[in-house]
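Novice: curious how this folds, go ahead:
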Amino acid sequence: MPSQKKPKFAVLRSVESFSNPRPSIKKRMGDGKALRKVVSIAEQGIYTPPKHRIDPISILENQAKTRIESLIPIRYERMLQSPFAFYRGGAAIMAQDLASQPYTNITVQLCGDMHVSNFGLFGTTEHRLVFGINDFDETLPGSWEWDMKRLVTSAVIACESNGGDKALSKKLAFRICAEYQKRLAQYAKMPYLDLAQEFIGEADVRKNFSKEHQKKIDVYFNQTKGQGNVQVLQKLTTLVGKDRKIINKPPLIEHFKKNAFGHPLSSLIDKALLNYSSTLLADRKILFERYVLKDFARKVVGVGSVGTNCMVLYFEGDSANDPLFLQYKEAQKSVLSPYLGESIYRDMGLRVVAGQRLLQGAPDIFLNYGSMQFDVDKSQGFYLRQLRDMKGGIEIGPGGISLKNFADYSKLFGWALALGHARSGDAAELAGYCGQDKEFSEAMYSFARSYAKQNERDFELFRKAVKSGRLKVAKTK
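Specialist: Here you go, the predicted structure:
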């Protein structure tokens, strides 16, 4: 196994070095291909557990120490639903395993928690509907394999957790990998400005599906376009006297006067919004400051995020007909940082926002970071984004993507990941290493197959910890 150096982005060029040309595309592709002699494609397919692997239950318990104690049972209840739900909540568990595997050190901006439910539709700043990665809480620079292996493994686990067989899960894995290879080869030769402006649009998505399913896709598009602030107003609020307030739905949506540390929330949020506003670009700062905060409430979201401080903030412009809903999400250290090193950003909200902008390329107009200051030496990093402005997530199973259509979506997953990695890393070097043959797909599927078994073992340990009472689980409604 090669030495595992912590990936870092190159420092900014000096003024003199801008006149020095980059190595050619051919040279960089050749460098990538040469890395196969350091870490072969076949080696990528082997999963070897760490010699001193930390108990997965201990990892979850350590994470719980930095989260809101009353919400941890909800997190565990959600993880208990299936091996895939457990996998979704176990990014920190897999991080230690990925750290012990061979990797090429071709650095990209990692999503950090790459799985099949972390994709979806979203609106660009021009309100153009596009498809891409939509969760960046664990983002950090690192070697591309970390994302790729977690994504392919997630497809295998999600498929089989929902009744699919091994033949289908292999098909999903191969489609993800083949599309990743295909798009990297394309992006390796694309002018940088064109790559920066490249998105997976509605027409691109529709081409992946049969005419029969395209009608369902069009319904999905229209539903997503209808997810605006006015629609959220109708679903999330109610009139209380003359004012609109967010509807309480304990324990998932609740109003609190104080935070978990006993500090008054109203004044903290006021100062946090001033901090957030101070770093906005001038045009967005002027727009944001036209809105007035009317209400806020804690809202439990996702699986892996449960227990961190997440809130919905409700603003109004000149009237209730001009609502704005922002999602506040606490940003903690990435689960990858123990293995890849600390972020170059001291503010964890900035880490998330910077990573999203690198990977996604078309972030929300209000996406930005800030800090909530509790005491002189205690603060909480966070980021804000619009709650549901043209956003549509991807769910696998009942009420979401059927197994029948999973294979078509899987190509989009590989495409979106390739685009994110090409934006933030060297597509030519990556394309040179990954190549275009099926050996790459075989290796990634082999790793996924082995790691799915590791996930099954960990899930069983998790179930036993719940049954024994070591982990407390919320009652399922």
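Novice: ok, Lys189 - contacts?
Specialist: Listed by C-beta atoms under 8 Å, 6 or more residues apart in numbering, the contact set of Lys189 reads Ile25, Ala428. Any C-beta I mention is one placed from the backbone N, CA and C, and that applies to glycine too.
Novice: rerun at 10 Å
Specialist: By C-beta atoms under 10 Å, 6 or more residues apart in numbering, the contact list for Lys189 reads Ile25, Met29, Leu195, Ala427, Ala428, Ala431.
Novice: just Phe199 next, same as before
Specialist: By C-beta under 10 Å, 6+ apart, the contact set of Phe199 is Thr124, Arg128, Leu129, Val130, Phe131, Gly132, Gln360, Gly361, Ala362, Ala416, Leu419.
Novice: the contacts of Lys189: which two are farthest apart?
Specialist: Farthest pair in those (C-beta to C-beta) is Met29 and Leu195. Separation: 15.6 Å.
Novice: higher neighbour count, the two?
Specialist: Met29 (23 against 17; other C-beta atoms under 10 Å).
Novice: does the more buried one touch Tyr187 like I think?
Specialist: No: Met29 lies out of contact with Tyr187 (C-beta atoms under 10 Å); the separation is 11.9 Å.
Novice: can you pull out the strands in the stretch 251-400 of the chain?
Specialist: Remark: strands assigned in the stretch 251-400 of the chain by DSSP state E, counting those that start in this stretch are 253-254, 292-299, 310-316, 323-330, 368-375, 378-386, 391-393.
Novice: and the fourth one, how far out from the chain's middle?
Specialist: Its chain's average C-alpha position is 17 Å from that of strand 323-330, according to C-alpha atoms, centre = their mean, to the nearest Å.
Novice: over to the third one?
Specialist: From the chain centre to the centre of strand 310-316 is a distance of 21 Å (C-alpha atoms, centre = their mean).
Novice: CA atoms only: put it into CSV for me.
Specialist: Taking Å, rounded to 0.1, in the frame of the first residue of the first chain, the C-alpha atoms of strand 310-316 are listed here in CSV:
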residue,chain,number,x,y,z
CYS,A,310,-31.2,22.9,12.4
MET,A,311,-33.9,25.6,12.3
VAL,A,312,-36.4,27.2,9.9
LEU,A,313,-36.4,31.0,9.8
TYR,A,314,-39.5,32.8,8.5
PHE,A,315,-39.1,36.3,7.1
GLU,A,316,-41.4,38.7,5.4
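Novice: which elements pack onto that strand?
Specialist: Here strand 310-316 touches helix 229-236, strand 243-246, helix 265-278, strand 292-299, strand 323-330, strand 378-386, going by 3 or more C-beta pairs under 10 Å, 6 or more residues apart in numbering; DSSP states H and E.
Novice: so what angle separates the directions of the last one and strand 368-375?
Specialist: Angle of strand 378-386 versus strand 368-375, following axes from the mean of the first three to the mean of the last three C-alpha atoms, to 10 degrees, is 150 degrees.
Novice: hang on, the earlier thing: which residues do Met29 and Tyr187 both contact?
Specialist: Common neighbours of Met29 and Tyr187 (C-beta under 10 Å, 6+ apart) are Ala427, Ala428, Leu430, Ala431.
Novice: how about these, which pair is most distant?
Specialist: Checked with C-beta to C-beta, the shared contacts of Met29 and Tyr187 reach their widest spread between Ala428 and Leu430, with 7.2 Å between them.
Novice: which neighbours do the two have in common?
Specialist: In contact with both Ala428 and Leu430: Arg28, Met29, Gly32, Leu184, Ala185, Tyr187, Ala188, Ala422, using C-beta under 10 Å, 6+ apart.
Novice: SS state for the fifth one?
Specialist: In this case it means Ala185. Assigned with DSSP: H, G, I helix; E, B strand; the rest coil, Ala185 falls in the helix class.
Novice: and it, what's its pLDDT?
Specialist: Ala185 carries a pLDDT value of 98.
Novice: farthest from the middle of the chain: give me that residue.
Specialist: Taking C-alpha atoms, centre = their mean, the residue of the chain most remote from its mean C-alpha position is Gly241, at 39.3 Å.
Novice: quick check: it vs Tyr339, distance?
Specialist: Distance of Gly241 to Tyr339, computed by C-beta to C-beta, to the nearest Å: 53 Å.
Novice: what's the answer for Tyr220, then?
Specialist: Taking C-beta to C-beta as the criterion, Tyr220 is separated from Tyr339 by 37 Å.
Novice: neighbour count for those two, which is higher?
Specialist: Between Tyr220 and Tyr339, counted using other C-beta under 10 Å, the more crowded position is Tyr339 (18 against 15).
Novice: for the more buried one, which non-adjacent residue is closest in space?
Specialist: Of all residues beyond its chain neighbours, the one nearest Tyr339 is Ala99 (3.7 Å), with distances taken as C-beta to C-beta, 6 or more residues apart in numbering.
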